[in-house]
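# fold the stuff below for me.
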Amino acid sequence: MSSQQSGIEAVGGAPPVADSASSDARLGSRDECPVLPCLPHTALNADRIDPDGSPAPAAGDAENSPRLTAALIVISVAQLMVVLDATIVTVALPSIQRALHFSPANLEWVISGYTLAFGGLLLLGGRLGDVLGRRRMFVFGLAVFSLGSLAGGLATTSGWLIASRAVQGVGGAIAAPTALSLIGDTFPEGPSRTRAMGVYAAMSGAGGALGLLLGGILTDIASWRWVLFVNVPIGAVVAVTAPLVLGRSAQRGGKLDVPGAFAATAGTTALVYGLVRAPVQGWADPVTGSSFAVAAVLLLAFVTIEARSDHPILPFRLLADRNRAASYLVMLGLAGSIFAVSFFLTQLLQTVFGYSPLRTGALFLPFSVGIVGTSEAVAKLIGRVRPRVFATAGPLLAAVALLWLSRVHPTSTYFGAVLGPLLLLSVGLGLAFVPLTLGATSGVPPADMGIASALFNTSQQVGGTLGLAVLVTVATATTRHALRSGAARQPLGQLARTLAVSSSVHGYSTAFLVGSCIAFAAFLVALAGFRPRPPGRPVGATDDEPHSEA
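Numbers count the residues shown, from 1 in each chain. I've put the predicted structure just below:
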């Protein structure tokens, strides 16, 4: 409880407590310690918050607000860069293929090279921040990411570009978890951190759709190279500014668990590689199966190593808290259900509706605006409405939106069949992202904030990659079946183009339906997993901590 008590003292400004009785007395006094700032599990324990009371700002927020605002801008821009990069290149793929003479089989590695390095190194990147200093590793990660972007923009061969994308992934894997943990270092727990998490969640949720828009603009008015070059000046400014507005993070020292780091990195990389390969080569492909087998062996070895290590890269105590574990699981399922939405909708809008890449990107703008607006609203309301409500309502709305989207057909229009589900989906994601992000990091000891953030990012990345692999496989199998059955019924009476379009749309709609089922499963996990603290437990105690009665 020492780290949590120190967090309470920093927020409430109260003197140290002598015993648990005086602690309970302090916590019972609203005048001395507002309820929300005293809760280390602000995200998902707010059942004890008085709905009529609004949390007071943390002590010191007023005089530090310019610095805190600048710090939030730096962290948010860095997170937006990393998230944007997953989709900004997508719109430029046809231009890249023509310019660098990619084969159709190798073109996917422009995306997969980044995904593989990013997903495989997230846990290691988070722990490096804990051990070596988060601000230092944050700046280092941004520098690596920016250099990879520069190298990619200058690429003259396919191998050069793929290698540069992998370097970007390495930088992103270091920058992303340290960015989230820096919010924990910079903003005291309570309303200040909740507002910061709202902005962070909005950037994370809206970045993918904004990437499609920005990628279309840059490809149309400049060149495909600028979807990579654009990161360089932004990354340089953020890296230079970060030391000026972010406090120096302590080097917590200790030994890095090298065997655990190797097993986690290699195992996660093998898992992501199998998931990336499965939709293209098939789940029965020998290399795909071998990747999953290697991943299973390495991840089991990782669990064994961590259980025996004195300095584990992933302390299992982080998963002992029920609400925190539920946050990871819900994000895993939610990412798995919606990660493929932009993938399928991009194809639907361009190949079926006939829109240009630029117009396609622009049509995702309401989705981004919806996520940002909802996330900001949730950050303001989370002190008056139980966060468990947002954390469960979000996946449910996402499931309904995907079910609605599954009704799309070849004669549908954007305004008639896509815009409504897209807006509902944005609201659902906006509702969920803030409480899930808070739930994954609230109450975590300072020494473990980096790995807790990395685990949350990993659940999002692995969930999204798994969801994409499953949904692409479903869509492909459904499309092929529809083509065969359509050709058998009307071999001469139906135009090949019409049959191909209707079969593809049928595949997309089936994928949306399966995605809806995954989102509904995430809703059930949220419903069963998140719970208020037992009435007899002191405010701030975690599920895995013993507590003494007053």
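
# residue ranges with poor pLDDT in the stretch 401-550 of the chain?
The stretch 401-550 of the chain contains residues with pLDDT under 70 at 487-495, 532-550.

# how about 90 then?
Where the stretch 401-550 of the chain drops to pLDDT under 90, the residues are 409-411, 434, 437-458, 460-470, 472-473, 475-477, 479-504, 529-550.

# show me the helices in it, by range?
Along the stretch 401-550 of the chain, the stretches classed as helices by DSSP state H, counting those that start in this stretch are 419-441, 449-489, 496-529.

# and the stretch 201-350 of the chain, by the same measure?
Counting by DSSP H, counting those that start in this stretch, the helices of the stretch 201-350 of the chain are 226-229, 231-245, 258-281, 286-308, 322-338, 341-347.

# which residue is nearest the centroid of the chain?
What sits nearest the mean C-alpha location of the chain, by C-alpha atoms, centre = their mean, is Gln460, with 4.4 Å.

# residue contacts, that residue?
204, 331-332, 335 (C-beta atoms under 8 Å, 6 or more residues apart in numbering). In short, each C-beta sits where N, CA and C put it, glycine included.

# just the residues you listed now: which is nearest Pro410?
Closest approach between the contacts of Gln460 and Pro410, by C-beta to C-beta: Ala335, at 28.9 Å.

# so which one among the contacts of Gln460 has the lowest pLDDT?
For these, the model is least confident at Ser204; its pLDDT is 80.

# so where's the stretch 101-250 of the chain uncertain?
Using pLDDT under 90, the stretch 101-250 of the chain drops low at 101-134, 176-177, 179-181, 183-223, 244-250.

# do you have the strands of it handy? List them.
Taking DSSP state E, counting those that start in this stretch as the criterion, the stretch 101-250 of the chain contains no strands.

# count the neighbours of Leu214 for me.
19 (other C-beta atoms under 10 Å).

# list the contacts for it?
Leu214 makes contact with 84, 88, 227, 230, 361 under the criterion C-beta under 8 Å, 6+ apart.

# now do the contacts for the residue nearest to Leu123 when sequence neighbours are not counted.
Spatial nearest neighbour of Leu123, chain neighbours left out: Ala264 (4.7 Å); criterion: C-beta to C-beta, 6 or more residues apart in numbering. Going by C-beta under 8 Å, 6+ apart, Ala264 touches 123-124, 299, 302, 313-314.

# against Leu318, how distant is Ala264?
14 Å (C-beta to C-beta, to the nearest Å).

# kindly report the same for Tyr355.
Counting by C-beta to C-beta, the gap from Tyr355 to Leu318 is 44 Å.

# of the contacts of Leu214, closest to Thr437?
Leu84 (18.1 Å).

# how many other residues sit next to the closest one?
Considering only other C-beta under 10 Å, Leu84 is surrounded by 25 other residues.

# pretty sure it is touching Leu210, no?
Yes. Counting by C-beta atoms under 8 Å, Leu210 is a contact partner of Leu84 at 6.2 Å.

# ok so, going back, pipe the helices of the stretch 401-550 of the chain into JSON lines and attach distance to Ala173 per row.
Converted to JSON lines, the helices of the stretch 401-550 of the chain look like this (distance: least, C-beta to C-beta, whole Å):
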{"stretch": "helix 419-441", "distance to Ala173": "17"}
{"stretch": "helix 449-489", "distance to Ala173": "8"}
{"stretch": "helix 496-529", "distance to Ala173": "24"}
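
# so which of those comes closest to Val389?
Nearest of the helices of the stretch 401-550 of the chain (C-beta to C-beta): helix 419-441, 8.6 Å.

# distance between the closest one and the chain's centre?
Relative to its parent chain, helix 419-441 has a centroid offset of 11 Å by C-alpha atoms, centre = their mean, to the nearest Å.

# how about stretch 418-433?
That offset, for stretch 418-433, works out to 16 Å (C-alpha atoms, centre = their mean).

# which of the residues in that stretch are buried?
418, 421-433 (16 or more other C-beta atoms under 10 Å).

# in TSV, list those residues along with distance to Thr479.
Listed next are the buried residues of stretch 418-433 as TSV, based on distance: C-beta to C-beta, whole Å:
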residue	distance to Thr479
Val418	19
Pro421	21
Leu422	22
Leu423	27
Leu424	26
Leu425	23
Ser426	27
Val427	30
Gly428	27
Leu429	27
Gly430	32
Leu431	33
Ala432	30
Phe433	32
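
# which among those residues gets closest to Ala242?
Phe433 (23.5 Å).
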